[in-house]
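# Okay, here's the prediction I keep looking at, along with the sequence it came from:
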Amino acid sequence: MAGKPSFFRRLVGGLWRTLALIYSLIFLLILIAIPVSIYLAVHHPAPPVPSQAVLVVDPVGNLVEQESGVGGLVQSALSDQGQPSVVRRLITALDRARHDDRIKEVLLKLDDLGGAAPGQLQDLIAAIDRFKQSGKPVIAWSDAYDETQYELASHADKIYVDPLGYVLLTGYGAYRTYYKDALDKLGVTINVFRVGKYKSYVEPYTRNDMSPAARADNRKWMDSLWGTYKKTVTADRGITPADIDQYIANYASNLVANHGNAAALARKAGLVDAVSTLRDLHKPLIAKVGRDPASGSFNQVNQDDYLADTHGHTSANESRLAVVTVSGDIVNGQSVPGSAGGETISRLIDAARRDDHVAGLVLRVNSPGGSVTAAERIRRSVVAFRQAGKPVVVSMAGMAASGGYWISMNANQIWAEPSTITGSIGIFAIVPTFSKPLNKLGIHTDGVGTTKLAGAMRLDKPLSEPVKTILQAGVERGYHQFIGHVAQARDMSTDAVNKIAQGRVWSGAGAKRIGLVDKLGDVTQAEAAAAKLAGLNPAHYKRQSMQPPSDWRAALQQLLTSHITASLLPSWLAAPAHTDAVDFLRSLSDPHGLYARCFCRIQSADTLNGAARARNALKAR
């Protein structure tokens with residue numbers, strides 16, 4: 001018979017529980033210390049702006065539409081790149097500086113800028129042009145320029161490039177990795193159900209190459225964007241779009257003729273004004289605004305410190321515009337960094353609707369779409385906002401396609417940039433089944449059900465013909481609902497919408513021509529239009545950025561998922577070329593299995609990666 005626990009066992013048990021409690025407290029303190037440390041590191045007190053200064057606009061990483069909150073701070077702390085720059089903050093800094101007598105000039109320092117969608121760049125260029133209207137100059141410098149960096153620099157009064165630098169323009173591309181042969185070898189069956197001749201998002205799983213229809217569609221909208229790009233970068237340079245074509249076509253031979261001096265070649269072609277190191281630029285700027293005794297450089301302020309110094313306060317009782325940002329894939333549930341959760345976005349719109357001090361809403365959209373269920377939830381919140389008597393204006397950023405258009409169509413007005421990627425009105429469903437590879441491993445599925453549909457959707461069994469019919473019928477109904485909503489919202493016939501739908505992608509300029517977009521313009525123009533509709537002064541209105549509450553669980557889940565997935569996936573599948581496919585498979589969470597998503601991401605960012613590799617190759621080893 002067991003006796004009472006001995007004193008020694010009770011002592012050991014007590015010590016063990018004490019140690020467990022201590023470890024738990026230490027872990028809790030670490031969890032608290034991480035965000036506090038990051039906050040202190042990021043939100044340091046802003047130094048005062050000198051009486052005469054240069055505003056240094058120094059965007060970092062890929063431009064984003066919204067700060068990513070707790071999860072983004074943690075991830076940026078674990079990386080060596082820091083928080084990416086938010087487009088609206090850069091625009092606000094430039095707009096404030098044009099009326100600030102302390103700011104004598106703007107320096108666009110672009111060497112840390114990563115990728116950006118053309119529509120985002122056009123928003124920034126509009127802000128640069130507004131600043132120049134103040135009569136104050138803008139200069140640009142980078143150690144090298146790709147399409148993204150050069151598009152911003154092209155509207156500066158003077159463009160400088162480092163002596164070891166270059167201007168490398170390669171055009172836009174849309175390339176994907178195709179998996180059909182690999183999936184066939186593995187025995188995985190990909191069941192696809194779609195409506196729309198041009199709805200090509202699922203092609204990598206069903207083909208080994210791009211279909212002729214997708215090739216023609218992609219070429220059309222990319223040619224439109226590239227034509228706009230060439231007009232943009234030549235508008236202030238005294239050169240023509242044809243000169244850009246010649247520069248690219250003859251780059252290799254002309255580089256050889258210039259003895260490999262790419263910086264001199266860019267200057268000779270009129271793409272830059274001067275070849276200079278950043279240190280050499282300090283001298284004329286010091287002469288203009290004075291020397292900072294602490295650093296020995298010119299008096300300056302970066303965009304973040306400048307915004308902190310010029311931050312205004314909004315009265316709690318003052319009427320204002322609410323701004324809700326939809327950035328990334330549209331998914332079910334809560335938003336996490338890199339995606340927009342239907343539940344989160346819907347709650348933010350509903351909160352703005354219930355706020356008596358919110359007079360109108362600007363929905364800023366930068367999304368290729370995603371879950372139909374999540375997109376429909378957001379659309380219904382937009383409709384409810386309008387039914388409350390408050391106007392909604394959509395501002396499309398780089399992309400508002402497929403599900404991104406779904407959530408936009410019921411706004412009072414839709415604004416886009418000429419290079420915004422939109423449209424792609426179509427629906428698809430994708431169901432992979434794994435019975436063949438499982439059978440090869442000796443794993444078999446068998447059983448009995450009360451009806452023919454019992455167990456019919458198991459992924460370890462082939463899909464039956466009745467199930468395929470059911471899924472295709474659901475997709476077709478979803479498509480007809482999509483074009484029906486568009487027809488009603490845009491005051492068009494369903495036949496007219498069907499002709500321009502079918503999954504076809506449009507540039508913002510093309511969408512304006514066919515009636516999917518109301519106005520072409522930047523985010524500030526869209527906000528001014530919303531203010532006017534809401535009865536506010538379009539020249540002086542207050543904005544309230546609606547931010548989701550910090551969710552540590554979602555942030556931790558996102559962080560762990562991204563790192564664990566990267567470590568567990570085979571290297572060939574986790575490579576950057578496959579990121580889009582992996583992200584898509586990870587996002588298959590729609591409860592009805594229906595998706596409105598567009599593969600319409602141009603890959604000019606590949607140029608940046610190539611440029612970075614070229615810079616690294618030039619380093620002395």
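Arrived safely. Residues are numbered from 1 along each chain as shown.
# What's the end-to-end length of stretch 226-244?
11 Å (Cα to Cα, to the nearest Å).
# which of the residues in that stretch are buried?
Buried residues in stretch 226-244, counted by 16 or more other Cβ atoms under 10 Å: 226, 228-230, 232-234, 236-237, 239, 241, 243-244. Bear in mind the C-beta positions are built from the backbone N, C-alpha and C, glycine included.
# now those residues in TSV, with pLDDT and secondary structure?
Converted to TSV, those look like this (pLDDT from 0 to 100; DSSP: H, G, I helix; E, B strand; the rest coil):
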residue	pLDDT	secondary structure
226	95	helix
228	95	helix
229	96	helix
230	97	helix
232	96	helix
233	97	helix
234	96	helix
236	91	coil
237	93	coil
239	95	coil
241	97	helix
243	97	helix
244	97	helix
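# What is the nearest of those to residue 404?
Of all the buried residues of stretch 226-244, residue 228 has the smallest distance to residue 404: 19.4 Å, by Cβ to Cβ.
# contacting residues for that closest one?
If you count contacts by Cβ atoms under 8 Å, 6 or more residues apart in numbering, residue 228 has them with 118, 418, 419, 507, 509.
# try 7 Å
Residues near residue 228 by Cβ atoms under 7 Å, 6 or more residues apart in numbering: 418, 419, 509.
# which one of the buried residues of stretch 226-244 is nearest residue 500?
residue 228 (19.7 Å).
# Quick check: the gap between the closest one and residue 125.
Distance of residue 228 to residue 125, computed by Cβ to Cβ, to the nearest Å: 11 Å.
# What distance do you get for residue 475 to residue 485?
According to Cβ to Cβ, residue 475 stands 16 Å off from residue 485.
# neighbour-wise, which of the two wins?
residue 475 (25 against 18; other Cβ atoms under 10 Å).
# pLDDT value on the nearest residue to residue 85 once chain neighbours are set aside, please?
Take residue 85 and drop its neighbours on the chain: the residue closest to it by Cβ to Cβ, 6 or more residues apart in numbering is residue 59, 4.0 Å away. Here the pLDDT value assigned to residue 59 is 95.
# and if you look at the one 4 residues further on?
On pLDDT, residue 63 comes in at 92.
# which ones are touching the residue nearest to it when sequence neighbours are not counted?
Spatial nearest neighbour of residue 63, excluding adjacent residues (Cβ to Cβ, 6+ apart): residue 116 at 4.0 Å. Listed by Cβ under 7 Å, 6+ apart, the contact set of residue 116 reads 62, 63, 148.
# average model confidence for the host helix or strand of residue 304?
Here residue 304, judged by DSSP states H and E, is contained in helix 303-309. Averaged across helix 303-309, the pLDDT comes to 92.
# Show me the contact partners of that helix.
Helix 303-309 is contacted from outside by 46, 47, 48, 49, 55, 57, 58, 89, 90, 92, 93, 97, using Cβ under 7 Å, 6+ apart.
# got the contact list for the second one?
If I follow you right, that is residue 47. Contact partners of residue 47, counting by Cβ under 7 Å, 6+ apart, are residue 305.
# sorry, back to before: so the residue nearest to residue 63 versus residue 161, what's the distance?
19 Å.
# before we move on, what about residue 86?
Counting by Cβ to Cβ, the gap from residue 86 to residue 161 is 26 Å.
# quick one: which of the two has more around it?
Shown here are residue 86 and residue 161; by other Cβ under 10 Å, residue 161 has more neighbours (28 against 20).
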